[in-house]
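*Asks:* I'll drop the sequence and a predicted model, then ask my questions.
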Amino acid sequence: MRLLGKKKSFKIGQAPGSAVFTGTKKLESVKINLISYNAEEAEEFEIGSLEDLSEHLSQKNRVLWVDIIGLHDEQLLEEIGAMFELHRLTIEDILNVEQRPKMEIFDDYLFTELQMVQCEGVDSQIEAEQISLILKGNVLISFQEKPGDVFSFVRTRISTGKGSIRKRGADYLLYSLMDSIVDHYFLVLETVSEKIEVIEALAMNEPDTSVLQKIYLERRQILALRRSVYPLREVISSFEKNADQFITRETKPFIRDLYDNTIQVIETMEVFRDMSSGVLDLYMNSLSNRMNNVMKVLTIISTIFIPLTFVAGIYGMNFDFMPELRWRYGYFYVLAGMFVSALIMLGYFIKKKWI
Amino acid sequence: MRLLGKKKSFKIGQAPGSAVFTGTKKLESVKINLISYNAEEAEEFEIGSLEDLSEHLSQKNRVLWVDIIGLHDEQLLEEIGAMFELHRLTIEDILNVEQRPKMEIFDDYLFTELQMVQCEGVDSQIEAEQISLILKGNVLISFQEKPGDVFSFVRTRISTGKGSIRKRGADYLLYSLMDSIVDHYFLVLETVSEKIEVIEALAMNEPDTSVLQKIYLERRQILALRRSVYPLREVISSFEKNADQFITRETKPFIRDLYDNTIQVIETMEVFRDMSSGVLDLYMNSLSNRMNNVMKVLTIISTIFIPLTFVAGIYGMNFDFMPELRWRYGYFYVLAGMFVSALIMLGYFIKKKWI
Amino acid sequence: MRLLGKKKSFKIGQAPGSAVFTGTKKLESVKINLISYNAEEAEEFEIGSLEDLSEHLSQKNRVLWVDIIGLHDEQLLEEIGAMFELHRLTIEDILNVEQRPKMEIFDDYLFTELQMVQCEGVDSQIEAEQISLILKGNVLISFQEKPGDVFSFVRTRISTGKGSIRKRGADYLLYSLMDSIVDHYFLVLETVSEKIEVIEALAMNEPDTSVLQKIYLERRQILALRRSVYPLREVISSFEKNADQFITRETKPFIRDLYDNTIQVIETMEVFRDMSSGVLDLYMNSLSNRMNNVMKVLTIISTIFIPLTFVAGIYGMNFDFMPELRWRYGYFYVLAGMFVSALIMLGYFIKKKWI
Amino acid sequence: MRLLGKKKSFKIGQAPGSAVFTGTKKLESVKINLISYNAEEAEEFEIGSLEDLSEHLSQKNRVLWVDIIGLHDEQLLEEIGAMFELHRLTIEDILNVEQRPKMEIFDDYLFTELQMVQCEGVDSQIEAEQISLILKGNVLISFQEKPGDVFSFVRTRISTGKGSIRKRGADYLLYSLMDSIVDHYFLVLETVSEKIEVIEALAMNEPDTSVLQKIYLERRQILALRRSVYPLREVISSFEKNADQFITRETKPFIRDLYDNTIQVIETMEVFRDMSSGVLDLYMNSLSNRMNNVMKVLTIISTIFIPLTFVAGIYGMNFDFMPELRWRYGYFYVLAGMFVSALIMLGYFIKKKWI
Amino acid sequence: MRLLGKKKSFKIGQAPGSAVFTGTKKLESVKINLISYNAEEAEEFEIGSLEDLSEHLSQKNRVLWVDIIGLHDEQLLEEIGAMFELHRLTIEDILNVEQRPKMEIFDDYLFTELQMVQCEGVDSQIEAEQISLILKGNVLISFQEKPGDVFSFVRTRISTGKGSIRKRGADYLLYSLMDSIVDHYFLVLETVSEKIEVIEALAMNEPDTSVLQKIYLERRQILALRRSVYPLREVISSFEKNADQFITRETKPFIRDLYDNTIQVIETMEVFRDMSSGVLDLYMNSLSNRMNNVMKVLTIISTIFIPLTFVAGIYGMNFDFMPELRWRYGYFYVLAGMFVSALIMLGYFIKKKWI
């Protein structure tokens, strides 16, 4: 996940509203899928040309989901924009894949941009992709760069007619897609939680520099995640409050529910943030504890031997008259004394819990 | 207490409003209790079937408390939902036991979800259970997974007719149950307070790694507690402000009082949070103090013996002409000198308060 | 001062609005004083019975201050509550002496609860006592557990007729009592300030563990003080904004002034909080500085003697051919050399400011 | 600058609104200056008595600036208060020189209290003095304890007629005085900035305990400054928003400008606060770096000599059969070996950048 | 970039609204450029005198951009101010180049001041320059001290007619200039991001004092940047909300977009701020790790040799009866024993991962 969502340099200086794709091309050609459904049936089409598409759009008593995969063909997107009478800035925002999540309400359509996050597992990075959604009458248009299975659950529900999705309008479809996106945040948070636990165990037991790097990496990921979640809340809040002309009364409670879920995502995130700071403290603690223990043991060894060396030094002196030197068992007495005093010192250190 | 209230993974991808129980089954079968009372009398029934229940519901001049224990029977809950004409999302929320506390006001009923916390003692963890309450006319329905004695005080007051509960409506019953829940927060906070004191004493006197783990555990508990208390305040504030259609004028001051209590819970919590950070500092301090003292003592021992060893080294030199070596009592003079200088150094260290 | 204002455990499970005294009984019997005054004269009575009291209450053209000292007689307080037609919750709040400061406005009376703080001197703890005040028409009722001289200045002003208090109504009396309470916060803050200065000097000059405990104690005191001051601001703000029906236009500017004073108390408190964190840093610094200095001196002693010992070791070797050993003044040369090199090392260390 | 703006103890217990001077008397007698001007001319009078003053006040078509220097004569101030029909609390506030800056709007006059700050240079403390300003019709009254040159620029502009001050009313005069006060904050901040730079250089190069004390002193100064600046913003904001009856439309943009300046003062202050924390970190860092370097050098010396001493010890052993001892140049071989290994160790340490 | 945006000392005491240039003169003479365009054509003129300029101003059906470079000629600026009927304070603000960014709306013109930031590369400092913009009818006046290529993209778009700029009014031109300024913040942030990465690598691998200085410098830069970005948001927010009389409905969505970009700048900034604190931690960690490793190695060397020296000391004692001394291979046995025990200790340390 990119941390800094900065505008691409080559974008600077362009006229505002100019359609320039800022992402990385991931598909050969743009793919357009159309799902058309009502309570009775659901059909899926692969759209070859815009004429083809405009034909389908004439069906007024159905919900039409136009799913556009691949954003690099700026020309085509401008044509689609013209077809649906979108504002120039909307097209520019769709193409600029580093946008902050937002919802904008135009006279006859609603436009929202979101970050879809995914994380494969504990060892992989969080990946974010921008999804743009436009709701205009009975048509919902979604834009994404990479083909993915983000919305596959929704597609399945439409085709199987499971749940109430087929009985409701395009606003409910929009809600369902946003719900999918929020659900993916829960999945990513679950992975983050596991990662933190792994790092915590490492920090406690094997605090080395690689753990520090892992902690920093994790904190950055959480920082990046926060950057996309907070605007998400604003988006959904604005969806609930300002989009009354686009959503039916029946869909409203679902959006309120979605908002509650987003709050839960945010609060969980904040807990993770606190925890990741906690992990850093833990790491620092473990490390300094470990270091202290090493130094303590080494110092204790020196402390035991230095006085003994002193005694040996005493009897290494060359005075003419040193009575002990003449004793028969002086040497052994001294050795024994040294041994005993070493034991006493050791015992004292152990009793004091210094070892 | 679970820290992360995340949506269960197997819940992801489900159609919104689908009734899936996300908790752990704790009872063989669902138990339904009905308490029916008015100012004169109170009766308690164990309900076998929904038909049985619907019969009782016809009593319009009584307050009816339907207490449903056990949430795993999704089928039954959907039927109950249908019986009381509850929104699909309400049923979903009741079943999803990791919800954030909230209050929702529907056209003809009020729905609230709360966390009920309990803590057995200083050595046990805080446990949280979700309680869902629905107020619809003269009926109050409560949902919980585990049978427990949370509401036993309320039950006693109803059956004995103590206090004014029997003279008031279902809104006062709802208030009484919420009051019980807030009271349990006070009990849990009392335990938390004791735990912090125990850990504080440990941190001051026996700072070892197990204390660090205890501190982290305690901080997590407080973090988790905070996560359930803050929404609680929102719930009760919304109860006071937006639920006018469901509560009588007489019950209002009690809710205001309840709100004050919740604020007190939150402020106490924040104090505990500050204190638990303080304990960490205290631990770090004690630990480093202790370490420093060990190192100081060890270094002092070395410092005393190293100069003495040097003196012994001097008289261990093999120069042909070293007059002291020839003195009759040279050896004893030197020993005495060493002893005296060791004493002087010791005295100096003691005077400087280094020992 | 108790930090945690928690509800007493034996209070849990009681019916809301039940009158249970949660404090510690400090007087044998409840004492009721009545001060009755108008612009011309002021009288003070000791009230024996409630009948006695109700007689006095008939005087409508005077301000009546009923001062009730001792809260343990729940029966009596319930009777007083009935006499003045107070809400059940008001009586409960008066008896529960761990309440958060608050102001509640009822139809015909104004009820406020405050913490009165006192601190005898630098060596004693801050003590807090709950004061409940009720303003109803021309009657002001004050409740407190301990007899004390908190309001003695006000009493003196009433009896001597000094200031304008006798010329004004019961609302001005209420203001005067609250002003007394806020003034006592200033006195306590003065003591806190002195304490911090004492601790700061200790932390700078004699950093030992007892100082750490003092710092923690002080921080807790400030935390506890904050807990009672912040709600105080709310109380006075609400007094200024919502109590228009109870206060005259002339008293209003005084309340605004009181509010300014409370803000000053809070800001001073926050400064103290910052300062007490500063003291902790200072302590840690002093301690580690001191420790470092000890270690440095000790290490310097070792560092000087270890090379000298090495030289002594050289000439303690038993080689057959070591020309220096045969020199006439070899021994003295070596001694002198050692002395000079010790001096050089010392000089170097001093020059480098290591000693 | 006093940090704690606490109410003087001897003030506690006084009737509210009682006029007691809480400052230190700095002048023998109170001095009253009157500057009277209109677009054509400006006159300055030294006022001997209140009768004298009231004569001048009859001039309605001129702006009158009454500058009262010296606050200790409570009697006189009460008379002035009576003369201008000021509220009792206004007089009390003027006399109480530890007030929080504030602006109060009465029916026919506007009263504001401000802190005027001054700092002589890098070595001197910030000094604060309370200035009270009253705007009533065409009269502006200023109260201050010490005679000073704070307003000298304004006086000069009036007497020389430079700028537009003479063409405008008393409200513009009030603005000009407040602008002077805010300008002095900029001057003080400039000094603070220089002080921080000086301390920073010290912390980097000569980190000793005196620097620590300087840092703490500086932080306190900034804390104290903040305490007077934040209310200043409130004052000027309230001046802009609520004082419409006292200021003309032409003066309004100037007040807005003044407000912008105050915001700039506050933001600069916050930057300084951050910087002073940064200096503390820097100091701690420098100190521990320095300490570490000392310990490292000392430890390296020991580390080089301890193995050498061991070698000397080897050849100091008294075994009968030690062939090296018999070698002709054994002694010199050993000395050379010691020298070489010392060099190797030194080289290794240098290569590793430990020295 | 100057951190402290303080008012210049020589400015203190000046009459408010006096036109004094506070910057540094960077050009010999003031240059005035005029770009005049409509949808069909665009012309650029270099203006020699104000008469010249006023001639051009009579063209009402064109957008006129008056670009004034060089602010030191106070006389000329006052004349320009008079020509366009600007408020005295506006002229003062334009000349005072240390102003906080702001937008002010006058009766017939809109005035805004912004900081334009630039950074040449990783090794250079961020430079800020104040830009003042005035929108009055079809005329836009821009003031800047240094000639620069900030607005060159806009100039190009006007002259080539690329984008829609030529088809729109002066309000769109104002937007375009502000958009240029915000775009430059993105460029600067990109450099900051690179700098942080460079410093981070240094902190991780070569933590020395120069890195510390770099970190402090970087933090200051970010602090300074923040100081100019936050008011920028206020400016653009106020532009969107309060400037309706000056902007057309078509330009509105662009300003909303600009606001979103500013929010993105701020959020990125905050992330950088967090990261720069993280770098400091990282540095401290690396440093203390490194130090600890040095001390550990040195201590291990001592620890190995001290016991060996003790053994040597033993056999250096001069007891008459020490049987080992008489053994044929005693010396070699001891040497071997020493070698073996050194190996054992080394092995133990390596096994424990202490080396």
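*Replies:* That came through, no problem.
*Asks:* Using the three-state scheme, assign whichever residue of the stretch 51-200 of chain A sits closest to chain B.
*Replies:* The nearest approach of the stretch 51-200 of chain A to chain B comes at residue A:163, 2.9 Å away (C-beta to the nearest C-beta). Where C-beta positions appear, they are placed from N, C-alpha and C, glycine not excepted. Under DSSP: H, G, I helix; E, B strand; the rest coil, the three-state class of residue A:163 is coil.
*Asks:* What score does it have for pLDDT?
*Replies:* The model reports residue A:163 with a pLDDT of 76.
*Asks:* mind checking how far it is from residue E:351?
*Replies:* Distance, residue A:163 to residue E:351, using C-beta to C-beta, to the nearest Å: 61 Å.
*Asks:* Over to residue A:349?
*Replies:* For residue A:349, the distance to residue E:351 equals 22 Å [C-beta to C-beta].
*Asks:* before we move on, what about residue A:22?
*Replies:* According to C-beta to C-beta, residue A:22 and residue E:351 sit 54 Å apart.
*Asks:* And for the residue found closest to residue A:346 once you drop the neighbours it is linked to in the chain, the neighbour number?
*Replies:* In space, not counting the residues next to it along the chain, residue A:346 is nearest to residue A:304; the distance is 6.7 Å by C-beta to C-beta, 6 or more residues apart in numbering or on different chains. Residues lying near residue A:304 (other C-beta atoms under 10 Å in any protein chain shown) number 22.
*Asks:* and if you look at residue A:296?
*Replies:* 17.
*Asks:* swap in residue A:190?
*Replies:* 18.
*Asks:* which stretch of helix or strand covers residue A:115?
*Replies:* Assessed by DSSP states H and E, residue A:115 sits inside strand A:110-119.
*Asks:* Each with direction, which strands does that strand pair with?
*Replies:* Note on strand A:110-119: by DSSP bridges, its sheet partners are strand A:102-105 (antiparallel), strand A:126-136 (antiparallel).
*Asks:* what helices or strands is the lengthiest helix in chain A leaning on?
*Replies:* Using DSSP state H, we find that the single longest helix of chain A is helix A:252-314. The helices and strands touching helix A:252-314, judged by 3 or more C-beta pairs under 8 Å, 6 or more residues apart in numbering or on different chains; DSSP states H and E, are helix A:170-205, helix A:209-242, helix A:330-351, helix B:88-95, strand B:102-105, helix B:209-242, helix B:252-314, helix E:252-315.
*Asks:* what's the most buried one of these?
*Replies:* Among the helices and strands packed on helix A:252-314, the stretch with the highest mean neighbour count (mean count of other C-beta atoms under 10 Å in any protein chain shown) is helix B:88-95, at a mean of 23.
*Asks:* ok, it near chain A or not?
*Replies:* Yes: with C-beta under 8 Å from any C-beta of the partner chain as the criterion, chain A is reached by helix B:88-95 at B:89, B:93.
*Asks:* Show the contacting residues for the residue in the stretch 51-200 of chain A that chain D sits nearest to.
*Replies:* Residue of the stretch 51-200 of chain A nearest chain D, by C-beta to the nearest C-beta: residue A:100 (25.4 Å). Residue A:100 is in contact with A:5, A:113, A:231, E:260, E:263, E:264, E:267, counting by C-beta atoms under 8 Å, 6 or more residues apart in numbering or on different chains.
*Asks:* coming back round to it: output the helices and strands packed on helix A:252-314 in a markdown table, with mean pLDDT appended to each entry.
*Replies:* Formatted as a markdown table, these follow (pLDDT from 0 to 100):
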| stretch | mean pLDDT |
| --- | --- |
| helix A:170-205 | 89 |
| helix A:209-242 | 86 |
| helix A:330-351 | 92 |
| helix B:88-95 | 88 |
| strand B:102-105 | 88 |
| helix B:209-242 | 86 |
| helix B:252-314 | 87 |
| helix E:252-315 | 87 |
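*Asks:* Many thanks, I have nothing further to ask.
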